[in-house]
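> quick check, what structure comes out for this input:
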Amino acid sequence: MKPVVVTSDPHGLFDSRPTFSHVASVLGPSRVIMTAGQVGVDAHGRVPEDLREQMAVAYSGLQRCLEAAGATVQDIIKLVYYIVDYDPNNRVHVEPLVAFLQGHRPATTLVPVPCLARPAFKFEVEAYVAIPQQPTQEVDVVVVGAGLSGLKTAYDLQKSGYSVAVVEARDRVGGKTWSVEQTTGDGKFVDRGAAWINDTNQSEVHALAQALGLKLVVQNTTGNVVQQDRDGGVSQFPYGSVPVGLATAGGVDDMAALRDATEKACQALDIRDPVRTGGHLDSMTFEQWITSVGGGATALASATVWTRAMLGMEPRDCSALFFLNYCKSGGGLLQMRSDQKNGGQYLRFERGTQSLSIGLAALLKAGTVLLSSPVRSIVQTGSDGRVRVVSARGDFVCKRVVVSVPTPLYKEIQFEPPLPPAKAALASANKLGFINKVIVRYARPWWRESGLCGMLQSFVQAGPASVTRDSSVDSKGQFSLTCFCAGDAGIAYSKMARADRFQAVVDQVKATLGASLPPGSVPDPVGFEEHEWSHDQWAQGCPCPAAPPGAMTLYDHALRTTHGKVHFVGTETAFEWKGYMDGALRSGIRGAEEVSRALSTPKL
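Numbers count the residues shown, from 1 in each chain. Predicted coordinates for the structure are as follows:
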């Protein structure tokens, strides 16, 4: 689809490059969007003192508005921005403006003002946007979302001979698989989202990796794990064993007893009918269950590491049944948390996990995927029996729809008729956790020189990181530690300024993995990546929605049920490996099979 916004500079007017064009025209059919003025205040109410920093925050807010509308910077017709006490001899606004526009030159107007809505505000920007519209497209199936589950659904349906359109809100494929390079083209990828697989019981994702010819890296577990106790004390123990010398008397036994009790309880569940086999567990939180089996303070601290790393939550935030069933879906707590053979974190991708999504998307027919086009409504009330899907960049008419977004994001789509009460209640009850994956890059894997594997397990309530892992790819010269700032600790961490966040993680790494080294010998990082998935418009949390007490008993039966001609997939709907890439692919297989059966059944 060609851009609908065309800019020009009439002959005889002054050269306005690189900041704006004198004229911006809208060509062809489009949807017009207008934003409110965006100012330099972030989600936590912080207003930077510096004008440049306020501009960065305001443009970030405007970018989020564009994403929510399904627009890109290239769709902007006009920008109007307001600067308090503007100094024409100090044009500090130009550089941030040019950086935001990425080469696009819409019409703009700068308005100097004496003040804005609050005394602290120094900058405000608003946009007028025209989103190009493609002609209404008729296909057999529309898949909502281009993550692994949606792409797998589309691929299997196309193999069966059906015409498919995949409509994606983001400007990329992959969903929570998102890999970035240190410098464009250097091949040193790190994963902001999903990162690990294995080659045994995660058969679907491994088979896809093999089919795409993707190179895998074995997770490093050679060396000691560093344990940070509740009081901040640091010790080491070999990977695969248990901590020693915890501050609390009997702490090691307390922790081991809970581990064994959790493993036993989850193994007793039937993943295809967890409510029947463990319904009593849905009446309490996981934290309450820990207390009920005799877990003490150290056991709770250990379990907090589990829930933060696995769900971005505290043990009090999810049902005991949900957590135990989640573990069972990955073969059990021990297998799901393991970084060794058969474990959930055994292998990584040399070029990052997004190479899976990009490779799978490349197997689809050309033109199948429409990006930057969030779906706004799915209408099944037409007299012709077909379904109409309305997206930001055009409408579709189809026979079936497959929705692959997480249940809490169903609220972003208007369903006509509305979702059945049980499915709507499930979507409302399920919550996404908070995970900020912080990747700290180094010039060399210095922790290995001290006999460490790179894993930190922190019982410190405030974190900031509860777990770290070595996420290096030695063959590419990419050396990094991935730090999980999650749950309550992650939320508190997110409220810090970016520079302070970076320093807090680096300080924790030095105090733990660097504890046995001489002062000043831990090298400074060479790079820093992070992504707060809760602040992502089309994720709103990570990795997988979790249910509070009572929700599974009341609504779990509705998780995979169809709504008329609308089907639902996604990693949370998988029976095996919920929350993982393998689970996403398995759900896509199920979705394609459901649709194929529905479309091949004769109507008598």
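> tell me who's in contact with the nearest residue to Val522 once chain neighbours are set aside.
Once flanking residues are discounted, Val522 sits nearest to Gly514: 3.8 Å by Cβ to Cβ, 6 or more residues apart in numbering. In this view, the C-beta of every residue, glycine as well, is placed from N, C-alpha and C. Going by Cβ atoms under 8 Å, 6 or more residues apart in numbering, Gly514 touches Trp447, Ser450, Ser521, Val522.
> how about Pro238?
If you count contacts by Cβ under 8 Å, 6+ apart, Pro238 has them with Asn224, Val225.
> tell me the pLDDT at it?
Per-residue confidence (pLDDT) for Pro238: 96.
> ok, and the closest non-adjacent residue to Ala71?
Closest residue in space to Ala71, ignoring its immediate chain neighbours: Val129 at 4.8 Å, by Cβ to Cβ, 6+ apart.
> swap that for Leu212, sorry
Among residues not flanking Leu212 along the chain, Gly359 sits closest, at 3.9 Å (Cβ to Cβ, 6+ apart).
> which residues are in contact with the host helix or strand of that neighbour?
Assigned by DSSP states H and E, Gly359 belongs to helix 354-362. Outside helix 354-362, the residues within contact range by Cβ under 8 Å, 6+ apart are 146-148, 151-152, 155, 166, 172-175, 177-179, 191, 205, 208-209, 212, 214, 349, 368-369, 581.
> can you check stretch 256-274 too?
With contact meaning Cβ under 8 Å, 6+ apart, stretch 256-274 is reached by 242, 276-278, 281, 289-290, 293-295, 299, 302-303, 321, 324-325, 327-329, 332-334, 552, 556, 575-576.
> so which bits of it are buried?
Ala257, Leu258, Arg259, Ala261, Thr262, Glu263, Ala265, Cys266, Leu269, Ile271, Pro274 (16 or more other Cβ atoms under 10 Å).
> check stretch 555-566 too.
Neighbour counts over stretch 555-566 (16+ other Cβ under 10 Å) mark Tyr555, Asp556, Ala558, Leu559, Arg560, Thr562, His563, Gly564, Lys565, Val566 as buried.
> please produce JSON lines containing those residues, extended by distance to Ala465, pLDDT and secondary structure.
Formatted as JSON lines, the buried residues of stretch 555-566 follow (distance: Cβ to Cβ, whole Å; pLDDT from 0 to 100; DSSP: H, G, I helix; E, B strand; the rest coil):
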{"residue": "Tyr555", "distance to Ala465": "34", "pLDDT": "98", "secondary structure": "helix"}
{"residue": "Asp556", "distance to Ala465": "33", "pLDDT": "97", "secondary structure": "helix"}
{"residue": "Ala558", "distance to Ala465": "36", "pLDDT": "98", "secondary structure": "helix"}
{"residue": "Leu559", "distance to Ala465": "32", "pLDDT": "98", "secondary structure": "coil"}
{"residue": "Arg560", "distance to Ala465": "35", "pLDDT": "98", "secondary structure": "coil"}
{"residue": "Thr562", "distance to Ala465": "41", "pLDDT": "98", "secondary structure": "coil"}
{"residue": "His563", "distance to Ala465": "40", "pLDDT": "98", "secondary structure": "strand"}
{"residue": "Gly564", "distance to Ala465": "45", "pLDDT": "98", "secondary structure": "coil"}
{"residue": "Lys565", "distance to Ala465": "45", "pLDDT": "98", "secondary structure": "coil"}
{"residue": "Val566", "distance to Ala465": "40", "pLDDT": "99", "secondary structure": "strand"}
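> turn these into a markdown table, including distance to Leu27.
Shown next, in a markdown table, are these (distance: Cβ to Cβ, whole Å):
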| residue | distance to Leu27 |
| --- | --- |
| Tyr555 | 48 |
| Asp556 | 50 |
| Ala558 | 45 |
| Leu559 | 45 |
| Arg560 | 44 |
| Thr562 | 41 |
| His563 | 38 |
| Gly564 | 38 |
| Lys565 | 35 |
| Val566 | 35 |
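> can you pull out the low-pLDDT segments for this protein?
Residues of the chain meeting the criterion pLDDT under 70: 1-3, 601-604.
> 90 instead?
1-28, 43-44, 182-185, 242, 244-249, 381-383, 497-498, 519-520, 601-604 (pLDDT under 90).
> does the residue nearest to Val522 count as helix, strand or coil?
Using DSSP: H, G, I helix; E, B strand; the rest coil, the secondary structure recorded for Gly514 is coil.
> next one: phi and psi at it?
Main-chain torsions, Gly514, degrees, to the nearest 10: phi -100, psi 10.
> check Leu51 too.
The phi and psi torsions at Leu51 (degrees, to the nearest 10) take the values phi -60, psi -40.
> wait, it touches Arg91, no?
No - applying Cβ atoms under 8 Å as the test, Leu51 and Arg91 come out as separate, 11.3 Å apart.
> who has more neighbours, the two?
Leu51 (20 against 13; other Cβ atoms under 10 Å).
> what packs against the strand or helix carrying Val402?
Taking DSSP H and E as the criterion, Val402 maps to strand 400-403. Using 3 or more Cβ pairs under 8 Å, 6 or more residues apart in numbering; DSSP states H and E, the elements in contact with strand 400-403 are strand 141-144, strand 387-391, strand 566-568, helix 581-600.
> among these, which is nearest Asp15?
Among those, the nearest to Asp15 by Cβ to Cβ is strand 387-391 (38.4 Å).
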